[in-house]
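# predicted model and sequence follow; I will ask about them next.
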Amino acid sequence: MENFDCVIIGGGMVGAASALSLAEQGLKVAVIERTAPKEFSHDQAFDLRVSAISLASQHLLEQLGAWPLLSQWRVCPYRRLGVWELESLYTEFSAQEIGQSHLGHIIENRLIQLALWQQIAQQPNIHLLCPESLTGFEQTEHQVKVSLSNRDINTKLLIAADGANSQVRKLANIGVTGWDYQQSCLLINVETSLSQQDITWQQFTPTGPMAMLPMPGQHASLVWYHNKATVAQLSQLSHSQLQQQVHQHFPSKLHTISVVNKASFPLTRRHANQYRNNRVLLLGDAAHTINPLAGQGVNLGFKDVKALQTLIAKAIGEGKCWHSPEVLRQYEQSRRADNLLMMSTMDALYAGFSHPSPVVKLMRNAGLTLANNIPLLKNKALAYACGL
């Protein structure tokens, strides 16, 4: 039976990044994934699932060697972020205000995964087992026996990076706290008549936010929050019918668009009651799913990756046992509070901007005005969102 230092269940963005970051420490790593990402070509249509990659996440992708590939493929840097409920209280955040060239990039999730996989292929101490799937595992004092569909392997550390419905988390008997938001999100890929690729914006409405995420070449990803019934109805419309609805409901600053593709998903919040059970560790969506209001989901996952890499590197450098309970406990302590803060902040914004009370409306718009008029407060919030 083959032995590994780490076995990672899930080869998505967070799982692939964690494999590379741990392999940098000289560890022998196995990545278990059912499906490989589709290869890239420049004439492909844009994927629906995209992420707003923060500056901190970009730095991690640069460190792992994936960024040059992404830059050659398709990325869209944005330098400004506009937020408003009332046009008269429009607030804009700028990269220039925090001394940066940009605030982040909008990138297709598949391309991030694919760029990481190409780096994995060059690492002799990473074994990518695909197609392969987990059937179970058994922990002992010193290792975890991992049962896969085609083989059994042993590992010192089992990492769950298998998403919001994590099988590893369930098998480890780690519970979650969370709720459904009673809303769904409609993603719409569009072609735009107006070039506005340097800005991403979000307008809050009584039925939920509407956002524009810029994509390369006068394309954009529109995000439309609404109640589940309305999103279900919108999802059934033809592209031309949906185009009419977008023109009717989205801000006029979007200008003319043409719908290319669409998909929807429900909004949920999940937070694992613990990030660790002995030699099992949760990363990314397996540990926390967040309201996608500010696009922070994968950025939190990448911060998990960076925190674990830093702790393990420190332990190895000091001659300590890198997979000891002490080191793994520090990972949970360092990440749980930060994840909870971001999740709670997004929930507060979501609840505040969806509340119908005139008093609450007055308070939230006063808050935007205050942020706009106090540069120090505004810039600190922006730097935190960028991971700086």
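Looks like it arrived, so ask away.

# phi and psi next, for C76.
Comment: the main-chain dihedrals of C76 come out as phi -130, psi 100, following degrees, to the nearest 10.

# looking at it, it is touching S221, isn't it?
No. Taking CB atoms under 8 Å as the definition, C76 is not a contact partner of S221, at 9.6 Å. The way it works is simple: take the backbone N, C-alpha and C, and place the C-beta from them, glycine included.

# which residues do the two both contact?
Shared between the contact lists of C76 and S221 (criterion: CB atoms under 8 Å, 6 or more residues apart in numbering) are residues I106, M215.

# can you pull the poorly scored residue ranges out of the protein?
Residues of the chain that meet the criterion pLDDT under 70 lie in 291-295, 347-388.

# and the helices in it, which stretches?
The residue ranges that make up the helices of the chain, judged by DSSP state H, are 13-23, 55-63, 67-72, 109-120, 167-171, 228-235, 239-249, 297-317, 325-354, 358-373, 375-385.

# buried deepest among those, which one?
Using mean count of other CB atoms under 10 Å, the stretch among the helices of the chain with the largest mean neighbour count is helix 13-23, at a mean of 28.

# about what we covered before: distance to L187 for the helices of the chain - can I get that in JSON lines?
Formatted as JSON lines, the helices of the chain follow (distance: least, CB to CB, whole Å):
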{"stretch": "helix 13-23", "distance to L187": "17"}
{"stretch": "helix 55-63", "distance to L187": "20"}
{"stretch": "helix 67-72", "distance to L187": "20"}
{"stretch": "helix 109-120", "distance to L187": "11"}
{"stretch": "helix 167-171", "distance to L187": "26"}
{"stretch": "helix 228-235", "distance to L187": "10"}
{"stretch": "helix 239-249", "distance to L187": "12"}
{"stretch": "helix 297-317", "distance to L187": "14"}
{"stretch": "helix 325-354", "distance to L187": "18"}
{"stretch": "helix 358-373", "distance to L187": "25"}
{"stretch": "helix 375-385", "distance to L187": "21"}
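
# the ones you listed: which one's closest to G208?
If you check each of the helices of the chain against G208 by CB to CB, helix 325-354 wins as the nearest, at 6.4 Å.

# output the contacting helices and strands for that closest one.
Counting contacts by 3 or more CB pairs under 8 Å, 6 or more residues apart in numbering; DSSP states H and E, helix 325-354 is packed against strand 257-272, strand 276-277, helix 297-317, helix 358-373.

# what about those, which gets the closest to D152?
Closest to D152 of these, according to CB to CB: strand 276-277, at 20.0 Å.

# for that closest one, which strands pair with it and how are they oriented?
Sheet pairing for strand 276-277, assigned by DSSP bridges, gives strand 280-282 (antiparallel).

# can you give me how far the strand it pairs with is from the chain middle?
For strand 280-282, the distance from its own C-alpha centre to the chain's C-alpha centre is 18 Å (CA atoms, centre = their mean, to the nearest Å).

# just the buried residues of that strand, please?
The neighbour-count check on strand 280-282 (16 or more other CB atoms under 10 Å) flags V280, L281, L282 as buried.

# go ahead and confirm the last one touches A160.
Yes. Counting by CB under 8 Å, A160 is a contact partner of L282 at 4.8 Å.
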